[in-house]
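Participant: have a look; sequence and predicted model below, questions after that.
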Amino acid sequence: MHQRHKDESAQPSRHGPSRRDRGQRHRPLRDAGDRRPLFRVGGGGGHYRSAGHGRPSGGRHGEEPRRIHGHARRSPWPRQRRRGRLDSRSLKFGCNEPTLILTIVLDVAIIGGGPAGLLTAAHLAQSGLDVGVFEEHPRIGEPVHCTGIVSLETADLAKIPDDIVLGRLTRARLRGPGTSAAEFTWPGDAETILVIDRAAFDRGLEARALAAGALIFTSARVLQIESARHAVRLDTKLGSVQARACVLACGVSYRFQRSLGLGLPGQVIHTAQTEVDADPTEAVDMHFGRRVAPEGFLWTVPIVREGQARLKIGVMARGDAASYLKAFLERPTMRTCLRAEPSPPIRRLLPVRPLPKTFGERLLVVGDAGGFTKPTTGGGIFYSLLTATLAAETLVEGFHAGRLDEAFLERYEKRWQDRLGQELRVADWLRGIVGRCSDAEIDTLVGALGSNDVQALIRHTARFNWHRDVILMMVRQPGIKSLLVRALFR
């Protein structure tokens, strides 16, 4: 193995002589309790904001740079411009101002400011690494693509506060394409299912990353990634970024994955969702059928926002998801329960299989960027947070060992395979079989799910984030098994 793989820390540092010359194996990680002033940096046309008040400590700009454990690091504040002031409020540039150009050097650069990228940043910064998050949109949490249904397990993982909860779900109704239906209820002492404000959720993770010491760059679209022998280089709207490692958390944009030789998700599906004022209701409704949502389903999720009852209405389907959503919203039964005109839907692609490869030289891929969603429901928040945690653990180990090479980082893929591999394979298998079913067979399947035996099995076995066990138990039921076997060999 090449020497650079044995000792990552032997490479030249921007902070002076190489660590080998100084007799150090690697730069000590910053104390996790360090609470020096933190910064959020916006791109050209964006803004600068301190997490504290006034200027950063360590001298005025242009004088002595502030130091972190003996390593000089210049303040990220720009020189005074004629428009705006350097204070704790937002600093906006006029539309005629040139785009800000910076040269940024980091331990880890994270592309994407969604849940996966932000939680990765929080974990890495807490470990003492210099981390930057590069988000192409001007504001974290926008636009909102996700319904925001999570379990208490997810809430604990992300430390979700009560004030961003829009509702607690206790009932779900499944409706077949014909007359069949199945209803599920779960008592208050069972698994708690929440609907959260996704924008507020993302901004909470943003605050957590900032508090840990990460830098967040908004309006900072990454244009190109180059992986060199000793570093990763990013070309962004802000300028050039050099990092010792990079994490792709860029959602369902797969141009970087393709260019870096990681491949594309094995399968994607289309989604569309809107939110509208509606009559109050307690149950989640899920509609199935080839004319409603081929190879997917349509959902309505009740929430309360600022005292007003509303519905999140969306569809995941093969083909034009927005057209299926439009047809559903025009149903007379829907028009009578809506209290406003629905806004234009937000559309997006949804991966339902992971990338062929989620690691590379100095590189890891997390969340939707890696194709991590539940093949059955399309939910991705829990998988995003889990892969973010595993990626951060792997990178911290790599920095300690002086190893950021591909052979070392492969352990990340082994870890998520150990946790999620069987879940993903079983759910993808079921999805493929149900996708072959006719409307009549789907109607029969929904009816079978409403039987007392299956209902008892689901109450005993089902968990919101883990579908493998309940799927394997259900397919053993005689009525369901025979139907799926016929579809499998069609």
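Facilitator: Good, I have the coordinates. Residues are numbered from 1 along each chain as shown.
Participant: where in the protein is pLDDT low?
Facilitator: 1-102, 187-189 (pLDDT under 70).
Participant: show me how it divides into domains.
Facilitator: Residue ranges for the domains of the chain, per automatic domain parsing: 3-142+199-265+353-420, 149-197+267-350, 425-488.
Participant: Serialize those domains to TSV and add fields for mean neighbour count.
Facilitator: In short, each C-beta sits where N, CA and C put it, glycine included. Listed next are the domains of the chain as TSV, based on neighbours: other CB atoms under 10 Å:
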stretch	mean neighbour count
domain 3-142+199-265+353-420	19
domain 149-197+267-350	17
domain 425-488	16
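Participant: got the residue ranges for the helices in the stretch 151-300 of the chain?
Facilitator: 152-158, 198-212, 255-259 (DSSP state H, counting those that start in this stretch).
Participant: what's the shortest one packed up against?
Facilitator: If contacts are counted by 3 or more CB pairs under 8 Å, 6 or more residues apart in numbering; DSSP states H and E, helix 255-259 sits against strand 222-227.
Participant: list the contacts of the strand it packs on.
Facilitator: By CB atoms under 8 Å, 6 or more residues apart in numbering, the residues outside strand 222-227 that reach it are 111, 134, 136, 232-237, 246, 250, 256, 259-260, 360-363.
Participant: one more: stretch 305-312?
Facilitator: Contacts for stretch 305-312 (CB under 8 Å, 6+ apart): 147-148, 166, 195, 197, 273-281, 299-304, 337-338.
Participant: repeat the analysis, applying 10 Å as the threshold.
Facilitator: Residues outside stretch 305-312 that contact it (CB atoms under 10 Å, 6 or more residues apart in numbering): 144, 146-149, 166-167, 195, 197-198, 273-281, 284-285, 299-304, 334, 337-340, 342.
Participant: those residues in strands, which ones?
Facilitator: Counting by DSSP state E, the part of the contacts of stretch 305-312 found in strands is 149, 166-167, 195, 273-277, 284-285, 299-304.
Participant: the residue nearest to residue 206 when sequence neighbours are not counted and residue 303, how far apart?
Facilitator: Excluding the flanking residues, the one nearest residue 206 by CB to CB, 6 or more residues apart in numbering is residue 140, at 4.5 Å. For residue 140, the distance to residue 303 equals 21 Å [CB to CB, to the nearest Å].
Participant: residue 294 too?
Facilitator: From residue 294 across to residue 303, the span is 27 Å (CB to CB).
Participant: same question, residue 160
Facilitator: Per CB to CB, residue 160 is found 15 Å from residue 303.
Participant: ok, residue 106 next?
Facilitator: 38 Å.
Participant: try residue 410
Facilitator: Look at residue 410 and residue 303: by CB to CB, they are 41 Å apart.
Participant: one more: residue 274?
Facilitator: Plainly put, residue 274 is 13 Å away from residue 303 if you go by CB to CB.
Participant: same question, residue 469
Facilitator: 29 Å.
Participant: likewise for residue 356?
Facilitator: Separation of residue 356 from residue 303 (CB to CB) stands at 37 Å.
Participant: ok, now residue 210?
Facilitator: Residue 210 is 28 Å from residue 303, by CB to CB.
Participant: same thing with residue 420?
Facilitator: The gap separating residue 420 from residue 303 is 28 Å, by CB to CB.
Participant: from the chain's centre, how far out does stretch 339-355 sit?
Facilitator: With CA atoms, centre = their mean, to the nearest Å as the basis, stretch 339-355 stands 15 Å off its chain's centre.
Participant: quick check: end-to-end length of that stretch?
Facilitator: End-to-end distance for stretch 339-355: 42 Å, by CA to CA, to the nearest Å.
Participant: same deal with stretch 105-117?
Facilitator: 18 Å.
Participant: quick check, distance from that stretch to the centre of its chain.
Facilitator: Remark: stretch 105-117 is offset 12 Å from the chain centroid, using CA atoms, centre = their mean.
Participant: residue 347: what secondary structure?
Facilitator: With DSSP: H, G, I helix; E, B strand; the rest coil as the basis, residue 347 sits in strand.
Participant: relative to residue 256, how far out is it?
Facilitator: Distance, residue 347 to residue 256, by CB to CB: 21 Å.
Participant: likewise for residue 334?
Facilitator: Distance from residue 334 to residue 256, counting by CB to CB: 40 Å.
Participant: swap in residue 114?
Facilitator: From residue 114 to residue 256 the distance is 15 Å (CB to CB).
Participant: could you pull up phi and psi at residue 408?
Facilitator: When read as degrees, to the nearest 10, the backbone of residue 408 gives phi -70, psi -40.
Participant: three-state assignment of the residue nearest to it when sequence neighbours are not counted?
Facilitator: Nearest residue to residue 408 in three dimensions, chain neighbours excluded: residue 398, at 5.6 Å (CB to CB, 6+ apart). Secondary structure, three-state DSSP: residue 398 is helix.
Participant: who are the neighbours in contact with residue 398?
Facilitator: Counting by CB under 10 Å, 6+ apart, residue 398 has contacts 8, 26, 244, 245, 362, 364, 404, 405, 408, 409, 411, 412.
Participant: just the ones in helices from the residues you listed, please.
Facilitator: 408, 409, 411, 412 (DSSP state H).
Participant: can I get those in a markdown table with distance to residue 267?
Facilitator: Putting the ones in helices among the contacts of residue 398 into a markdown table (distance: CB to CB, whole Å) gives the following:
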| residue | distance to residue 267 |
| --- | --- |
| 408 | 30 |
| 409 | 25 |
| 411 | 26 |
| 412 | 22 |
